[in-house]
Structure formats: C-alpha cells, structure tokens
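Colleague: here you go, sequence then predicted model.
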Amino acid sequence: MATRSEILAKASAFRALFEARGAMVVEPPILQPAETLLDLYGEDIRARAYVTSDALRGEQLLRPDYTVPVVQMHMTHGAKPARYTYSGEVFRRQEKDPTRANEYIQVGYEVFDDVDPAAADAEVFALISQGLNGLPVTAVTGDIGILMAAVKGLDTTVPRKSALMRHIWRPRRFRALLDRYSGKTPVPATRTALLAGDGKIDAPLIGLRSAAEIEARIQSLREDAACAPLGAGQVALIQALLDTRETMRNAISQLRDIAVDLPAISDAVDRLALREKALTERGVDTENLMFEASFGRVSMEYYDGFVFGFRADARPEWPMLASGGRYDALTRRLGQGAEIPAVGGVMRPGLILELEGANDH
Amino acid sequence: MTIKLGVPSKGRLMEKTFEWFGARGVSLQRTGSEREYAGTVDGIDGVSLILLSAGEIPRELASGRIHLGVTGTDLIQEKLARWDQLVAPVEELAFGQADLIIAVPQAWVDVDTVSDLDAAAAAFRAHHGFRMRIATKYHRLVREYLRVAGVADYALIDSQGATEGTVKNETAEAIADITSSGETLRANHLKILSDGLILKSQATLWRSRTAELDDLQRETLTSLLGRLT
C-alpha cells in the first residue's frame, strides 16, 4: 500500500500535467451545500455521499466529487472558456463493499471550450491516457449523446420519448418502458379498469397533489392507450445501438448502418467520427480503442456525450483508475441562462500507485 | 461471564417475548419498579436479561455487546449494513408481524403500481417545482427499493412517528411505513401500492455473529438454544 505522502506526490505530478496545459488550480470547499447536489441527483446522492448538518446552515455534503462545485464556480463567473485542475479528497459512502475506499484523493481536469468539442474531448482523454502510460490498463469509451439522439428520433409520442429520456441512466427501467410501449408487457388490469371508467372511489382527496393533476395523468394515460405501439423495428434499432461494442472505428461504421434506419442519430455519429479523428491526431490508437454504446449508463447522470473510463486489466473488481466525460447539460442546469460545452476527467492516484507497485513485483 | 439476552424494554413486544420464552421453560421477568429497566432469568443458569429499546437491539447485536436479541427484521435490515454478516436469525417468533409498504392517497386512482408512482412523481415535480416527498423512518430500505424499482424525482422526508398523518398535513405526498392490519392506513385515506411491499417483518430472535464466547458461555448458549428451537 502506498503511503499518504506518496499518493499526494503522485497527485501533484498529475496536477502538474494539467497545469502545463494552462489549467488554473482550484480548491472548492470540502463541505458543499446539500441543496444543489440533492436537486441534481435526488435521493441517490444520499446513498453515495455523506450528509451532515448543523442548525445554522442546514444540510451539507462532504464533497463527493469536484465537477459540480467547479461547474458552479465557473458559471457564476460567466461561461467563458477555461481550464481547471484540482487535487484533494473526495468522500463516498460505502455500505455494501468494505474493500471500497470511502475517502480518497482525486485529481481532475475540466475543460470549458465552445470552439472545438471534439478536440476538447480528445485533449482530456489523451492527457489522462498519457498519465497512465505504460500501466496495464484498458480504456473503454462511449457516448450517451448517441442514445439520447436515438430516443429523440423514435417514431412515437413526445410523452413516451420524455419518459425514456428520463430513464436513460436506469437501464432496467428503460427496458421496462420499451417493453410496455411496444406492447410486449401487457397493460395492468387496474389500468384497463381505470381507463374504462371503473376506477372512481369516494375517498377524500388529501395532500398537495390536486384533482386536476390526477385528471391530467388519467388523460395522458388515455392518450397513451390510444396511440399505436412502438414498432418492433424501432425497438430492434435501439437494441442494436445498445449492443454496439466494438473498436471505435468499427463502431462508427456499425452506427452508420443503424443511422440509415434511424437518421436521428446521424449528427451524433458524425460527432463521434470527429472525435475519433481528433483522438488519432493526438496519437491515440483508435484502431484498438473500445467503444461501448451502453458505457456510462449507470454512472451519475450528468454526462450527456462522450464518456470514458480506464480499468486495471488484472483487477476487474477495482473501481475505474480514471474516468470522465462531457457534461454540456450540467453547465446549462447550473448556468442560470448561460451554458458552455464542457468535458472533464478524474484520476485516482492511490489506485494507480497500487497498480504500479503490483506491476514492479 | 453470562450470555446476554437483549429484549425490548416495554409494551406488547416485551410481553409477547416474555410469553414466548416462558412457553419454552425460560422465565424472563422485570424486577424492581415498573420504571426500572432491570430483569432476571429463571429456568437456566448463566443468562442475563438486558432490557433495551427495540431500535437499539440491532446495534448492540452488531457490536457484540449482547449475544442474543429480539427485534424486528425491519429494524435489523434498516439499521445494519451487511446485516447478514453481523447477525444470524435463530427463530421467528410469530408475532410482531408487519409489512414495510409504500402507500399513497386512496384518491390517487391513477396510481396503483410503483411504476405509476414514478410517472406521478415526474409530473408532480414538473408542476410543483420540487420532488415528490415520501415520509418514512426506513430511509435505507426504502431508498434501495426505489432505486432497484427505478423510481426518480422523489425525496425522502424523515418521519419518526404518526407517519400516516403526513399526507393530510401536506408535509409529504406518500409514505413508506410498517403496517400490520392496514387499519391506520385506511383511517387516514391511504392505500398500499399493489407492488409496493418492501419487506415482510416479524419479531425474530437473533444471534450476534461478532460477540465473543468463552467455553462456559458457549455451553450456556448451546443449551439455551436447545431449549428455544
């Protein structure tokens, strides 16, 4: 095991790598107001972060990551292009796996750039890859933006598309919705009874949810029941997309095939192709770089484009040694009207040192 | 050293536990005044009775400060992460049955399943500007259940008692609580989601996996468990 000072030294070395690219060093506080993070992630964050409180400031979180505070800081000072780096502890609640650290040093790099997103993606990936150079790790990439474009382009109603979009990060629920919309799962008997008008009861209405809200939902259920099921061909296209798991170059050609029947993804696939070119220009071997269309779907839901991660080859049970992605929508959410394309990544110097140590023996 | 047996310190749960042990030839009794939390064990040597709040028994078992304890499955699973590594069930006592469920107003005719709840939560958040609130004291169990079920746009509100009243009081839109007969729910105009059963619980005798035992204690434990199971 590496000592704390060794880990801090490693972290400084990584940070220097990013500073050399012109990144400004930032140091957001460890205690973060809970409100922003709770609003972004809801209850999920409570299972992942330590929540504390006092009577004066209310609930606060021990920094579970740097991205949100860095984006907030950047957006309050205007959404101009900038590069940031940071290094310090993050805290993650662990209730299932005692071998996972609940406190560790994270080094990160965030690029706010509205000129050339593909180049920014490639820059972040290539720098982190350079930091891991020589270690037995394998990178995986993905692109949440392609899946989002596919959902937007489905031949079905807007409410169905919004429901699918809302659950892109919950693969099981996403699948259940597809099954429901395509008629694979039967409509529950209680729903049929409700829509037939047998659902009335004379209980008093209590609580904040109004009769109008209940009526609106029944109306939308009626509309949904009246519209045609999602075609089997459309479901198959989504499935083919989700199953795409190839080297980046082959993935692009597979996705182009899917785009013939699902033209809505064409722009997103073009962006992937531009990214591939930018990565090649930076010396990344994209002939052997893996692309998995489903990658990143179970992580925190702020990535909405390029996503990547590096795994230790011999330690599949470890968390990622480094990971990151594009989060344009997050800058919009936190930007109060402003927005700027942004991409970033984080590294775990502690795990990286451990892997280097294991490699020496 | 004696074997320490933790039992809920008051109410029906204590009385029923005393009855259950009594029927197996182990007589548990409170001593001193009504208000003093001390007790004796007759019918077997080397066992001492510790009277505790039912909610504290999981923690005491987990830390190994008591060897055996009676409490509900709900409290064990809510309070102990990786509970199966810390405690082992010895015997279900066939009382204190309660289901941890999700309930919503009966007037929500459009909400019957957890999937309906999710859809209603999305619309609620869009309409009111905040997440649909679910009042509970079982935060971990409910959060995990809703995570697996894929429910979003909700927030848990802590409620340590009279949870069924929170909807009428407009501090929550739905609740997750334990119920045995469902009567309190009905009286408060709430209904259980048809697939909203999170956990079936009952009073259970648990053995600590972490408490250390010397030879004499091991012998006592074996003989006590022989009588009880």
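Modeller: Perfect, thanks for sending it.

Colleague: in chain B, which strand has the most residues?
Modeller: In terms of residue count, the longest strand belonging to chain B (DSSP state E) is strand B:190-201.

Colleague: say whether chain B is contacted by stretch A:58-72.
Modeller: No - shown here: stretch A:58-72 not in contact with chain B (C-beta under 8 Å from any C-beta of the partner chain), separated by at least 11.4 Å. Placement of C-beta: from N, CA and C, glycine included.

Colleague: quick one: distance of that stretch to the chain centre.
Modeller: 16 Å (C-alpha atoms, centre = their mean, to the nearest Å).

Colleague: distance of residue B:207 from chain A?
Modeller: 21 Å (C-beta to the nearest C-beta, to the nearest Å).

Colleague: before we move on, what about residue B:158?
Modeller: In terms of C-beta to the nearest C-beta, residue B:158 sits 11 Å off from chain A.

Colleague: give me the number of residues near the nearest residue to that residue once chain neighbours are set aside?
Modeller: Excluding the flanking residues, the one nearest residue B:158 by C-beta to C-beta, 6 or more residues apart in numbering or on different chains is residue B:137, at 6.7 Å. When neighbours are defined as other C-beta atoms under 10 Å in any protein chain shown, residue B:137 has 19 of them.

Colleague: residues contacting residue B:137?
Modeller: Neighbouring residues of residue B:137 by C-beta atoms under 8 Å, 6 or more residues apart in numbering or on different chains: B:78, B:158, B:159, B:160, B:163, B:177.

Colleague: let's see it at 10 Å
Modeller: Going by C-beta atoms under 10 Å, 6 or more residues apart in numbering or on different chains, residue B:137 touches B:55, B:74-75, B:78, B:156, B:158-161, B:163, B:176-178.

Colleague: mind checking how far it is from residue B:200?
Modeller: 17 Å (C-beta to C-beta, to the nearest Å).

Colleague: and the strands in chain B?
Modeller: B:3-8, B:27-31, B:38-42, B:47-52, B:68-72, B:87-92, B:98-105, B:132-136, B:154-158, B:174-179, B:190-201, B:203-208.

Colleague: go through these and name the closest to residue A:345.
Modeller: strand B:154-158 (30.4 Å; C-beta to C-beta).

Colleague: give me the residue from chain B nearest chain A.
Modeller: residue B:150 (2.9 Å; C-beta to the nearest C-beta).

Colleague: chain center to stretch A:2-13: distance?
Modeller: With C-alpha atoms, centre = their mean, you get 28 Å for stretch A:2-13.

Colleague: tell me the buried residues in that stretch?
Modeller: A:2, A:7, A:8, A:10, A:11 (16 or more other C-beta atoms under 10 Å in any protein chain shown).

Colleague: wait, the third one sits on residue A:349?
Modeller: Same thing as residue A:8. Yes - with contacts counted by C-beta atoms under 10 Å, residue A:8 reaches residue A:349, the gap being 8.0 Å.

Colleague: what score does the residue nearest to residue B:158 have for pLDDT?
Modeller: What the model reports for residue B:137 is a pLDDT of 95.

Colleague: shaky segments in chain B?
Modeller: B:34-36 (pLDDT under 70).

Colleague: which residues sit in contact with residue A:309?
Modeller: A:137-142, A:292, A:295-296, A:299, A:319-325, A:345.

Colleague: correct me if wrong, but residue A:110 is in a strand.
Modeller: Yes - under DSSP: H, G, I helix; E, B strand; the rest coil, residue A:110 sits within a strand.

Colleague: disregarding flanking residues, what is the spatial nearest neighbour of it?
Modeller: residue A:344 (3.6 Å).

Colleague: A strand includes the one you found, no?
Modeller: Yes - judged by three-state DSSP, residue A:344 forms part of a strand.

Colleague: residue A:107 is in contact with that one, correct?
Modeller: No - taking contacts as C-beta under 10 Å, residue A:344 lies outside contact range of residue A:107: 11.2 Å.

Colleague: where do the contact lists of these two overlap?
Modeller: Contacts common to residue A:344 and residue A:107, judged by C-beta under 10 Å, 6+ apart, are A:66, A:85, A:128.

Colleague: any idea how far the last one is from residue A:139?
Modeller: Meaning residue A:128. 9 Å.

Colleague: who has more neighbours out of the two?
Modeller: Using other C-beta under 10 Å as the criterion, residue A:128 and residue A:139 rank with residue A:128 on top: 26 against 21.

Colleague: residue contacts, the closest residue to residue B:27 other than its chain neighbours?
Modeller: Once flanking residues are discounted, residue B:27 sits nearest to residue B:42: 4.2 Å by C-beta to C-beta, 6+ apart. Counting by C-beta under 10 Å, 6+ apart, residue B:42 makes contact with B:22, B:25, B:26, B:27, B:28, B:29.

Colleague: any idea how far stretch B:38-53 is from the chain center?
Modeller: Using C-alpha atoms, centre = their mean, the offset of stretch B:38-53 from its chain centre is 22 Å.

Colleague: just to revisit the earlier point, which neighbours do residue A:128 and residue A:139 share?
Modeller: In contact with both residue A:128 and residue A:139: A:308, A:310, A:321, A:322, A:323, using C-beta under 10 Å, 6+ apart.

Colleague: check those and tell me the two furthest apart.
Modeller: The most distant members of the shared contacts of residue A:128 and residue A:139, if one measures by C-beta to C-beta, are A:308 and A:321, lying 11.5 Å apart.

Colleague: list the contacts of stretch B:213-221.
Modeller: B:1-4, B:44-47, B:64, B:67-68, B:207, B:211, B:222.

Colleague: residue contacts, the residue lying closest to residue A:100 once chain neighbours are set aside?
Modeller: Leaving aside its chain neighbours, residue A:100 sits nearest to residue A:94 (4.8 Å; criterion: C-beta to C-beta, 6+ apart). Counting by C-beta under 10 Å, 6+ apart, residue A:94 touches A:48, A:100, A:101, A:102, A:103, B:81.

Colleague: what about 8 Å?
Modeller: A:100, A:101, A:102.

Colleague: and for residue A:149?
Modeller: Contacts of residue A:149 (C-beta under 8 Å, 6+ apart): A:264, A:265, A:267, A:268.

Colleague: likewise residue B:149?
Modeller: Counted by C-beta under 8 Å, 6+ apart, residue B:149 has contacts A:173, B:114, B:115, B:118.

Colleague: and with 10 Å instead?
Modeller: A:170, A:172-173, A:176, B:102, B:113-115, B:117-118, B:195-196, B:198.

Colleague: derive a ChimeraX selection command for the buried subset of those.
Modeller: Only the buried members of the contacts of residue B:149 enter the following ChimeraX selection, criterion being 16+ other C-beta under 10 Å:
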select /A:170,173,176 /B:102,113,114,115,117,118,196,198
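
Colleague: can you redo the contacts of residue B:149 as a markdown table with distance to residue A:220?
Modeller: Putting those into a markdown table (distance: C-beta to C-beta, whole Å) gives the following:
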| residue | distance to residue A:220 |
| --- | --- |
| A:170 | 21 |
| A:172 | 23 |
| A:173 | 18 |
| A:176 | 18 |
| B:102 | 22 |
| B:113 | 16 |
| B:114 | 18 |
| B:115 | 14 |
| B:117 | 15 |
| B:118 | 14 |
| B:195 | 21 |
| B:196 | 22 |
| B:198 | 28 |
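
Colleague: out of the contacts of residue B:149, flag the one nearest to residue B:125.
Modeller: residue B:118 (10.9 Å).

Colleague: I'd guessed residue B:155 sits against residue B:121; true?
Modeller: Yes - if you go by C-beta under 10 Å, residue B:155 and residue B:121 touch, sitting 9.5 Å apart.

Colleague: give me the common contacts of these two.
Modeller: Joint contacts of residue B:155 and residue B:121 (C-beta under 10 Å, 6+ apart) are A:42, B:131, B:132, B:133, B:134, B:173.
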